[in-house]
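Participant: sequence below, structure please.
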Amino acid sequence: MIRAIRACKTAAEERAVVRKECAAIRSAVSENDQDYRHRNLAKLMFIHMLGYPTHFGQMECLKLIASPGFPEKRIGYLGLMLLLDERQEVLMLVTNSLKQDLNHTNQYIVGLALCALGNICSAEMARDLAPEVERLLQFRDPNIRKKAALCSIRIIKKVPDLAENFVNPAAALLKEKHHGVLLTGIQLCTDLCIVSAEALEYCRKKCTEGLVKVLKDVANSPYAPEYDISGIADPFLHIRLLRLLRVLGQGDADASDLMNDILAQVATKTESNKNAGNAILYECVETIMSIEDNSGLRVLAINILGRFLSNRDNNIRYVALNMLMKAITVDTQAVQRHRATILECVKDSDASIRKRALELVYLLVNESNVKPLAKELIEYLEVSDQEFKGDLTSKICSIVEKLSPEKIWYIDQMLKVLSEAGNYVKDEVWHALIVVITNASNLHGYSVRLLYKAVQTSGEQETLVRVAVWCIGEYGEMLVNNVGMLDIEEPITVTDSEAVDVIENALKRHTSDLTTRAMCLIALLKLSSHFPSCSQRIKDIMVQNKGSLVLELQQRSIEFNSILEKHQNIRSTLVERMPVLDEATYGRRRAGSLPAAVSTSQGGALSLPNGVAKTSAAPLVDLLDLSSDDMPAPSSSGGGDFLQDLLGVDLPPSSQSGQGQTQKSGTDVLLDLLSIGTPPVQSSAPTGDALPSSQDKKTPIGALEILSIPSAPTVQTSSPAGGSNVMDLLDGFGPNVPPTPEDNSPAYQSVVAFESSSLRITFDFSKQPGNLQTTFIEANFVNKSSNVYTDFIFQAAVPKFLQLHLDPASSNTLPASDSGSIKQKLRVTNSQHGKKSLVMRIRIAYKLNNKDVLEEGQISNFPRDL
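Facilitator: Take a look at the predicted model:
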């Protein structure tokens, strides 16, 4: 069969051969062919490895396992491990056969059963067969003990509760002389310590000294050919022992003290010129870094990692860098001693080593070494590969920003980076550079001269050109007049025309993008005021760009040309120097910690009990507990998602375009969406002014399912029921009174919708015949306290399957002591009538002795057939 399959030239031929063989095997299975059953199963295993389905042969495995002979059992168990896995229900049938074979007199059959159980054992099988496996850990034959230990590892991973049964037998295996049994016993103890705290404590007290002695014997053992690899005696046992010692020593000072000497011996005596030795040294270093503090050992371990960095093998250097990343949190000073070697790794030809070394250098930088390290990295930036420049530039900019000792050094280093790799610099980096320059008033002249010289040699770097254009536009006269010269500078001669040349060249360069060209036009407008001699030339440049195909540039050119020609009297005011930008505010906004700006309006602020002032421009957001001061601008999750679900619309995340533009909060987006605002302050106004205009009535409400309608203006007008521009939300519905239901409409019992110690709300319900989806509600508000409530506002929100409309309230003043009430009509349309009941969330705001009071609640006791 194998020869026929290998002779196939196409996949179709192979499928034909496999189909033919599978048909023959099926017929043999149905005929219960005893003689060729093991051969058929062997064929099935080969077919399975080719990727063809072989599920029909699973029962054959079980029949072979039940056979008395060793050859049949061997094929059966092999098929069981290959064709089945622990998820197969048919495995339940093999548990009894496994139990019998684990108690078999033939040790080879016992070995087969242990192998199978170690590979496919499920949790149920583990519970059933754990006693047999535990007994076999003390079997006379070392190979059976070894297989039983491996099978025990599988059992405790499947059922950690059984771990306590294996602690004593596993500890006994640590005294074995046979390396195979010892190796598996150590691994079993390691896994027991990981899954069971009791096993960990037991091993720490009873086994640590014995393990140290075993490691010492293995490290000092003479040459043994059966265990020797590259001149090192059994490196696998070395590594397993070190890993178990690491588990035992972590968090335990006494256990760590016991193993200090042997770890130092392994670290110093193991040869590092062979790969097996390096593997042992690496595990030894990881153990030293994990156990309790011993500064001398840790220095030794970090020195070993330093030697690894000089190795020619890339894999060894990479794992050394990884380990140093962990070690730096434990002993920074020891890692600092290898700084030069790590810097060399940044220049390595292997990309993964370069990247990891750069991350390590980034962690090593502090105030004392930032200057030499930044210098080295910037020098390497000049010769680094193009694909690595992005990562390198990002790290250098971050280092310089975080740890710059003085502004002049910061400006110098950033200009070097911009000159070498300006096209890889992110926008926020050069924005931050401009902010720093504006704040360093004594360095304005120095910066603009340095940028002027840099742009002459590195004009292809886009971000460098932008910063240079911005600074020349702001401080052009300082460039020409050599104002603010420092001692370290050499004077340069720059004419008005040469300064304009830089801007014009940047504007005309075909590689310049829209942002750069727009900045050039602004800079030219500013220079027209600073350099009167170049005014006509600047005007000509503006005229040339009036025909630009880019709308933004065309519009700017036309507007700026108009200023130059027709508005000379205001030009000097328009082009005044930019005010100093606040570094702290910019830093917080850039870090994302500045909350989104709340839209300001004429409406007063509500003083809440927790002391947070909220503008009354956010009634809906407040109602849904989506306070604008808790929503940072970049976030598009959290409360905004709930609001989005409730409204059934997409709310775009707030964005920031430019430095001067304030961020837009979720409140503003919502108010824009609903086209509502806060009522203006009015001393007196006729009632008619508050009614929506005919044009306003055309605005559709559509699917908006939330309304927040104050019953009166925030500032009381001459008419107690006067509206406001918030009423525009109702559009045509405001003045209309809902149709009065006829006498034969269904009758519903009144409901006390909300009641507190100071307020009671009663709902009366009615419907129109033939329109069961729409319910008319008359809300009756009663004041139970002895104080009058003023500026009374009722707000409500409903789920998406409901539509809510509120009419204006009868008044905005609620008399005291049940002496009067406020009435307000609501209309609710239930699109899921008969399936879902009404539910409503409400908020009532009013003033009590000129103090704002808020009450909230949820109404869910509506009659079920509404």
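
Participant: can you map out the strands along the stretch 301-450 of the chain?
Facilitator: Assigned strands in the stretch 301-450 of the chain: none (criterion: DSSP state E, counting those that start in this stretch).

Participant: helices along that one, start to end?
Facilitator: Here the stretch 301-450 of the chain has its helices, by DSSP state H, counting those that start in this stretch, at 314-327, 332-336, 339-346, 351-364, 370-381, 386-403, 407-421, 427-439, 444-457.

Participant: list the buried residues in the third one.
Facilitator: By neighbour count with 16 or more other Cβ atoms under 10 Å, helix 339-346 contains the buried residues 339, 341-343, 345-346. Bear in mind the C-beta positions are built from the backbone N, C-alpha and C, glycine included.

Participant: same question for the fifth one.
Facilitator: Buried positions in helix 370-381, judged by neighbour count with 16+ other Cβ under 10 Å: 370, 373-374, 376-378, 380-381.

Participant: for the shortest one, same thing?
Facilitator: Within helix 332-336, the residues that qualify as buried are 334-335, counting by 16+ other Cβ under 10 Å.

Participant: make 12 the first number, not 1, from now on.
Facilitator: Okay, using 12 as the starting number, the last item reads as helix 343-347.

Participant: which strands or helices does it pack on?
Facilitator: Judged by 3 or more Cβ pairs under 8 Å, 6 or more residues apart in numbering; DSSP states H and E, the packing partners of helix 343-347 are helix 306-320, helix 325-338, helix 362-375.

Participant: roughly how far apart are G129 and I164?
Facilitator: 8 Å (Cβ to Cβ, to the nearest Å).

Participant: can you check R601 too?
Facilitator: To I164, R601 is 51 Å away according to Cβ to Cβ.

Participant: what does A23 give?
Facilitator: For A23, the distance to I164 - Cβ to Cβ - is 45 Å.

Participant: neighbour count: these two, which is higher?
Facilitator: Using other Cβ atoms under 10 Å as the criterion, A23 and I164 rank with I164 on top: 18 against 8.

Participant: wait, doesn't that one sit right on T201?
Facilitator: No: contact criterion Cβ atoms under 8 Å: I164 and T201 do not qualify, at 9.0 Å.

Participant: quickly list what's touching both of the two.
Facilitator: Common neighbours of I164 and T201 are not found (criterion: Cβ atoms under 8 Å, 6 or more residues apart in numbering).

Participant: show me the shaky parts of the stretch 212-361 of the chain.
Facilitator: By pLDDT under 70, the stretch 212-361 of the chain has no low-scoring segment.

Participant: quick one on the thing from earlier: quick one: the helices of the stretch 312-461 of the chain as CSV, columns for distance to A181 too.
Facilitator: As requested, the helices of the stretch 312-461 of the chain are exported to CSV (distance: least, Cβ to Cβ, whole Å):
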stretch, distance to A181
helix 325-338, 29
helix 343-347, 37
helix 350-357, 42
helix 362-375, 38
helix 381-392, 50
helix 397-414, 47
helix 418-432, 58
helix 438-450, 57
helix 455-468, 69
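
Participant: quick check: which of those helices is nearest to S232?
Facilitator: helix 325-338 (25.2 Å; Cβ to Cβ).

Participant: what about that closest one, distance to the chain center?
Facilitator: Distance of helix 325-338 from its chain centroid, counting by Cα atoms, centre = their mean, to the nearest Å, is 26 Å.

Participant: who touches it?
Facilitator: Everything outside helix 325-338 that qualifies as a contact, by Cβ under 8 Å, 6+ apart, is 289, 293, 296-297, 300, 309, 312-313, 316-317, 319-320, 322, 345-346, 349, 353, 356, 359, 361, 363-364, 367-368, 370-371, 374.

Participant: cool, and stretch 771-786?
Facilitator: Under the criterion Cβ under 8 Å, 6+ apart, residues 750, 752-753, 755-757, 759, 761-766, 787-793, 795, 838-842, 844, 849, 853, 855, 870, 873-874, 877 lie in contact with stretch 771-786.

Participant: report the buried residues of it.
Facilitator: By neighbour count on 16+ other Cβ under 10 Å, the buried set for stretch 771-786 is 771-774, 776-779, 785-786.

Participant: which of these lies closest to S232?
Facilitator: Nearest to S232 among the buried residues of stretch 771-786: I772, at 87.9 Å, using Cβ to Cβ.

Participant: beta partners for that closest one?
Facilitator: Under DSSP bridges, the beta-bridge partners of I772 are F765, F792.

Participant: state the pLDDT value of it.
Facilitator: Note on I772: pLDDT of 92.

Participant: can you check the one 4 residues further on too?
Facilitator: At F776, the pLDDT value in this model is 89.

Participant: distance of it from L849?
Facilitator: For F776, the distance to L849 - Cβ to Cβ - is 9 Å.

Participant: could you pull up phi and psi at E42?
Facilitator: phi -90, psi 0 (degrees, to the nearest 10).

Participant: P64 versus that one, what's the distance?
Facilitator: Applying Cβ to Cβ, the value for E42 to P64 is 21 Å.

Participant: element containing F57?
Facilitator: helix 48-60 (DSSP states H and E).

Participant: what do you get for V29?
Facilitator: Here V29 sits within helix 22-41, counting by DSSP H and E.

Participant: mind listing residues that contact that helix?
Facilitator: The contact list for helix 22-41 (Cβ under 8 Å, 6+ apart) reads 12, 15-16, 19, 47-48, 51, 54-55, 58, 61, 63, 65, 67-68, 70-71.

Participant: any idea of the angle that helix forms with helix 48-60?
Facilitator: Using axes from the mean of the first three to the mean of the last three Cα atoms, to 10 degrees, the direction of helix 22-41 lies 150 degrees away from that of helix 48-60.
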